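[1] Dropping a prediction and its sequence here:
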Protein chains: 2
Amino acid sequence: MAKKRQARFTTEDLEGLPELEDESPMLWDESRGEVQRRLLTAAVRCFASNGFHATTTRDISGAVGLSPAALYVHFPSKEDVLFEIIRTAHARALAAVTDPALTGIEDPVRHLWALVARYTEWHARYHVAARVSQYELAGLSPEHYEQILETRHRTNVVFRSAVERGVTTGAFAEVDVKRVARAILSLGIDLVRWYRRDGSDSPEQLGEFTAQLALKMAMTPDLDLGPAPRPESTLAS
Amino acid sequence: MAKKRQARFTTEDLEGLPELEDESPMLWDESRGEVQRRLLTAAVRCFASNGFHATTTRDISGAVGLSPAALYVHFPSKEDVLFEIIRTAHARALAAVTDPALTGIEDPVRHLWALVARYTEWHARYHVAARVSQYELAGLSPEHYEQILETRHRTNVVFRSAVERGVTTGAFAEVDVKRVARAILSLGIDLVRWYRRDGSDSPEQLGEFTAQLALKMAMTPDLDLGPAPRPESTLAS
DNA sequence: TGTGACTTACTAAGCGCATAGTCACCTGGT
DNA sequence: ACCAGGTGACTATGCGCTTAGTAAGTCACA
């Protein structure tokens, strides 16, 4: 008695669910047709709420008022829909942090600040698509997966270089570059797990706040907690 | 021509794959039988590498040398296997940070340090099971999902309180408690996305490093970047 | 302007395979 | 003799994708 793959959210639920509200309709290239873009946007919402495998081709096509077969006019397979989403999102996020307006900033402090603010803001703005891009990688074919990994690596390098520059120029403390860069990326990415557009933080505010945290992590020297915290004994001789 | 749900990792691949190595075999209650625990451990690996919906009951049972039907001797459904994994992992992680040895620490600085170190270390140690717990929530029934949310909330409160105490006692800077607590949790959780047991960080090292970052975030006052960074103009009057 | 050839976007119907879960039966230890 | 734990064969159903066909648009050209 094979169960339906999912039930938590049905197609009609997806309309107007506040945690699925983001700007992903604006993500797709202009070169794509109207219908393709609407399919991609619908797929983002389905994949985000129920997962790739729990989403049927009927869910996606039905959400834009088409029959299941219509999907195959525009995309060769369901996996390709996922790939287009993930590829586009990764490319856009990378583009956001390689914008010349950012890379041109001389001061390492301002540079890292702007980098983190941008990256965080991007993820907040497109958090539903970004969530799919982070959580549904297992749905990709090995070839497509490999391609995405490459983009991720390039993104990592951007952050690592920014931290490195601050350390070598002395603008930052002498921190562990790789680890700090990793932590900064974590802050920028992990928000897709919980961010909601109807919460109290706007993408800009969250970006600025996270950028502050990144600077604190990069610029503050390590704290020494002092001698072992002996359980008892406050100041008795 | 319905395709097989997945292909990226077949069952035999899962043996000895280094990124799927963690301590989840130690997670399960002693009260559970040997076979149940082996099934849960196998399920963790399958779910982590291919996702809940892409994992078949044959994958799980086959991985411990049993027939598919044997799964139903020990668990009422595949969803229940997922729930047991997620429930146990969330409960253990909460237990780790409510350990009296931690909650008893008077000094807010040492307290937060220990809290973050413990939490991070836990996630690193059980990163495969933790990954399933974070990424496969969509596979749960609404009732089970609700139950997990409750545990998550309790965990959040632990961190928020720890940060709050430091701020009110003046041990920390006057930071935004909710946001900082959220960022700290992000650091502790997001590592499940990339952590590997065969990497360069041991769980303890990662815990200590993240704890340092948490203190920097909580104890450093906000930086003022000064006046607007006018594009040109260095020091020309 | 009319016509036939071709294209684009779509649908209805359904194939064929995969899968969660069931059930009657088996089996070894107490 | 019993029964917990396990099996092989099966069912019911879901789902990705295909196929055959429709309707409307475009274009070359007589």
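    Happy to help now that I have it.

[2] where does chain A dip in pLDDT?
    A:1-15, A:226-237 (pLDDT under 70).

[3] try 80
    Across chain A, the ranges flagged by pLDDT under 80 are A:1-16, A:226-237.

[4] Okay, the residue of it found nearest chain B and residue A:96: tell me how far apart.
    Taking CB to the nearest CB, chain B has its nearest neighbour within chain A at residue A:53, 3.4 Å off. (C-beta placed from N, C-alpha, C; glycine too.) Distance of residue A:53 to residue A:96, computed by CB to CB, to the nearest Å: 29 Å.

[5] Between those two, which has more neighbouring residues?
    Higher neighbour count among residue A:53 and residue A:96: residue A:53, with 23 against 19, using other CB atoms under 10 Å in any protein chain shown.

[6] I figured the more buried one hits residue B:51, correct?
    Yes - between residue A:53 and residue B:51 there is a contact under CB atoms under 8 Å: 6.1 Å.

[7] burial of residue A:95, as a residue count?
    10.

[8] Can you show me the helices along chain A?
    A:34-50, A:57-63, A:71-74, A:78-97, A:100-103, A:108-125, A:127-135, A:142-168, A:177-190, A:203-219 (DSSP state H).

[9] And for the closest residue to residue A:18 other than its chain neighbours, the neighbour number?
    Nearest residue to residue A:18 in three dimensions, chain neighbours excluded: residue A:198, at 4.5 Å (CB to CB, 6 or more residues apart in numbering or on different chains). Residue A:198: 7 surrounding residues under other CB under 10 Å.

[10] quick one, what contacts residue A:198?
    Contact analysis of residue A:198 by CB atoms under 8 Å, 6 or more residues apart in numbering or on different chains lists A:18-19, A:21.

[11] Highest neighbour count among these?
    Busiest of the contacts of residue A:198 [other CB under 10 Å] is residue A:19, holding 16 neighbours.

[12] Now do that residue against DNA strand D, distance only.
    Distance, residue A:19 to DNA strand D, by CB to the nearest atom of the strand, to the nearest Å: 22 Å.

[13] again with residue A:150
    24 Å.

[14] Repeat that for residue A:102.
    39 Å.

[15] my read: that residue touches residue A:118, true?
    Yes - using CB under 8 Å, residue A:102 is in contact with residue A:118, at 6.3 Å.

[16] from the chain's centre, how far out does stretch A:190-197 sit?
    9 Å (CA atoms, centre = their mean, to the nearest Å).

[17] what about the nearest residue to residue A:29 once chain neighbours are set aside, neighbour count?
    The shortest distance from residue A:29 to any non-neighbouring residue, by CB to CB, 6+ apart, is to residue A:88 (7.5 Å). By the criterion of other CB under 10 Å, residue A:88 has 20 neighbours.

[18] Residue A:98 too?
    13.

[19] separation between it and residue A:157?
    Taking CB to CB as the measure, residue A:98 falls 10 Å from residue A:157.

[20] What of residue A:86?
    Taking CB to CB, one finds residue A:86 at 19 Å from residue A:157.

[21] Then residue A:105?
    Residue A:105 sits 17 Å away from residue A:157, going by CB to CB.

[22] Would you mind telling me which of those two has the busier surroundings?
    Comparing residue A:105 with residue A:157 by other CB under 10 Å, the one with more neighbours is residue A:105, at 18 against 12.

[23] which ones are touching the nearest residue to the more buried one once chain neighbours are set aside?
    The shortest distance from residue A:105 to any non-neighbouring residue, by CB to CB, 6+ apart, is to residue A:111 (4.2 Å). Applying CB under 8 Å, 6+ apart to residue A:111 gives the contacts A:102, A:105, A:162, A:165-166.

[24] Surely residue A:152 touches residue A:93?
    No - the criterion here is CB under 8 Å, and residue A:152 misses it with residue A:93 at 9.4 Å.

[25] Compare those two (neighbour count), which wins?
    Taking neighbours as other CB under 10 Å, residue A:152 and residue A:93 compare with residue A:93 leading, 23 against 17.

[26] Quick check: the more buried one touching residue A:121?
    No - the criterion here is CB under 8 Å, and residue A:93 misses it with residue A:121 at 10.6 Å.

[27] To residue B:142, which of the helices of chain A lies closest?
    The minimum distance between residue B:142 and these falls on helix A:34-50, with 12.3 Å, by CB to CB.

[28] ok, and does that closest one reach over to chain B?
    Yes - judged by CB under 8 Å from any CB of the partner chain, helix A:34-50 comes into contact with chain B at A:49-50.

[29] ok now that helix, how far from the chain's centre?
    Here the centre of helix A:34-50 is set off from its chain's centre by 17 Å, with CA atoms, centre = their mean.

[30] Only the buried residues of that helix, if you could.
    Buried residues in helix A:34-50, counted by 16 or more other CB atoms under 10 Å in any protein chain shown: A:36-50.

[31] what's the answer for stretch A:138-158, then?
    For stretch A:138-158, burial by neighbour count (16+ other CB under 10 Å) applies to A:138-141, A:144-145, A:148, A:151-152, A:155, A:158.

[32] These into TSV, with extra columns for distance to chain B?
    As requested, the buried residues of stretch A:138-158 are exported to TSV (distance: CB to the nearest CB, whole Å):
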residue	distance to chain B
A:138	5
A:139	7
A:140	8
A:141	8
A:144	10
A:145	7
A:148	13
A:151	15
A:152	10
A:155	13
A:158	16
